[in-house]
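Engineer: Starting from these lines, generate the structure:
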Amino acid sequence: MTEIDNGGAEAIKGFNFQKANLILIAVRNYKKPQFKIYIEAEDDIVVSYTGYEAYIQVKKQRHSLSTIIKSGKSKSGAVTPSILEKNLSSGTEDNTHKIIVTDISQKDKNKFVLVKPGSIHSEIFKLTDQAKTDLLKNLPSHLNHHLGNFYIYISHIHQELSESVRYLIGYLNEIGISVDDKRGRNIISELSLIIDQKGEVKVTECVDKEIKVLNQELFSSLFRSNDSISQFNQILDSLPYNSIKKSRIKKAHLFVDLSFRELKMKMKLYSMDKITEWDELNDKEIINQMVTNFKQDTINEETLIAIAIECLSEVDL
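Structural biologist: Take a look at the predicted model:
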């Protein structure tokens, strides 16, 4: 009986609104200088790049000004900070503070002004001067100045799992990260697992915060451009393998960046070192050398060929 790969399906079961919005922010912004995104650090999401830092609360509900300013109660009966107070308490008045929601209550729509574009979102809403004045009455005085850089973002992410995943896959393709449904789901699943692992880490000091970071290097390794995939397919099409073997190589290629990043880096360095020796070799001969050099009992030939082709598509031979 053929073994079915359920990795992506199983991993994506835990996918939720917060992770979907984190991935969307990353896709939109990961190329910015020194881009980093943290999960469950000072706030639900913390985003930073050169000259910018944002503290973000993510709420899977429609909200109004009255709900974000309303204090809560703990199980012991103690008063807990409101959503807004908690959000504004992180960072400084120079940082951006933001709450992501599914919608703004209709009665409060006139209390916000649309801003296009935002720094990390395509559009955001800032408070009118009157709304700021009203909110200041309910905030601790030391947070007053933080309200100047406060925004709300109405997420385009659907609350239904299937729709949110479909939206993210569509957005990946829209910005030139070419993925079919299967590859898109595997990338999202991999990120979902990484986010879960980072989110579960508890830190007690600021220096430990870096344990929870997802950085530019990680996203760049997962989000490949159309040119890279097109080059991979051109090389594979030129090789004298039959259709069955090519199909297996394409399937293995889906998992190269997800499971074999370290091996790919070693093979890429090897190929760069051998460039001058390969002037007279064709692609098939080069790939055979790479596969032979990195042959392992635990990795099948199709996967090694896929990694070798990937390296060829990225190295200037």
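Engineer: which residue ranges form the strands in the stretch 201-317 of the chain?
Structural biologist: 213-215 (DSSP state E, counting those that start in this stretch).
Engineer: where do the helices sit along it?
Structural biologist: 216-222, 226-238, 243-253, 256-259, 261-273, 283-293, 301-314 (DSSP state H, counting those that start in this stretch).
Engineer: Comparing these, which comes out most buried?
Structural biologist: Across the helices of the stretch 201-317 of the chain, the average number of neighbours (mean count of other CB atoms under 10 Å) peaks for helix 301-314, which reaches a mean of 22. For glycine as for every other residue, the C-beta is placed from the backbone atoms N, C-alpha and C.
Engineer: Report the inter-axis angle for that one versus helix 283-293.
Structural biologist: Calculated by axes from the mean of the first three to the mean of the last three CA atoms, to 10 degrees, helix 301-314 forms an angle of 120 degrees with helix 283-293.
Engineer: Kindly export helix 301-314 (C-alpha atoms) in CSV.
Structural biologist: Extracted as CSV, the C-alpha positions of helix 301-314 are listed here (Å, rounded to 0.1, in the frame of the first residue of the first chain):
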residue,chain,number,x,y,z
GLU,A,301,18.2,9.5,-5.2
GLU,A,302,15.3,11.6,-6.4
THR,A,303,15.7,14.0,-3.4
LEU,A,304,19.5,14.3,-4.0
ILE,A,305,18.8,15.1,-7.7
ALA,A,306,16.2,17.7,-6.8
ILE,A,307,18.7,19.4,-4.4
ALA,A,308,21.4,19.2,-7.0
ILE,A,309,19.1,20.8,-9.7
GLU,A,310,18.1,23.5,-7.1
CYS,A,311,21.8,24.3,-6.6
LEU,A,312,22.4,24.5,-10.3
SER,A,313,19.5,26.9,-10.7
GLU,A,314,20.9,29.2,-8.1
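Engineer: can you redo the helices of the stretch 201-317 of the chain as TSV with distance to residue 78 and mean pLDDT?
Structural biologist: Listed next are the helices of the stretch 201-317 of the chain as TSV, based on distance: least, CB to CB, whole Å; pLDDT from 0 to 100:
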stretch	distance to residue 78	mean pLDDT
helix 216-222	39	81
helix 226-238	54	82
helix 243-253	54	91
helix 256-259	44	73
helix 261-273	46	89
helix 283-293	62	94
helix 301-314	55	91
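Engineer: Output those helices in a markdown table; the columns should cover distance to residue 143.
Structural biologist: As requested, the helices of the stretch 201-317 of the chain are exported to a markdown table (distance: least, CB to CB, whole Å):
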| stretch | distance to residue 143 |
| --- | --- |
| helix 216-222 | 31 |
| helix 226-238 | 45 |
| helix 243-253 | 50 |
| helix 256-259 | 42 |
| helix 261-273 | 42 |
| helix 283-293 | 58 |
| helix 301-314 | 48 |
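Engineer: so which of those gets nearest residue 82?
Structural biologist: Between residue 82 and the helices of the stretch 201-317 of the chain, the tightest spacing by CB to CB is seen for helix 216-222, at 32.8 Å.
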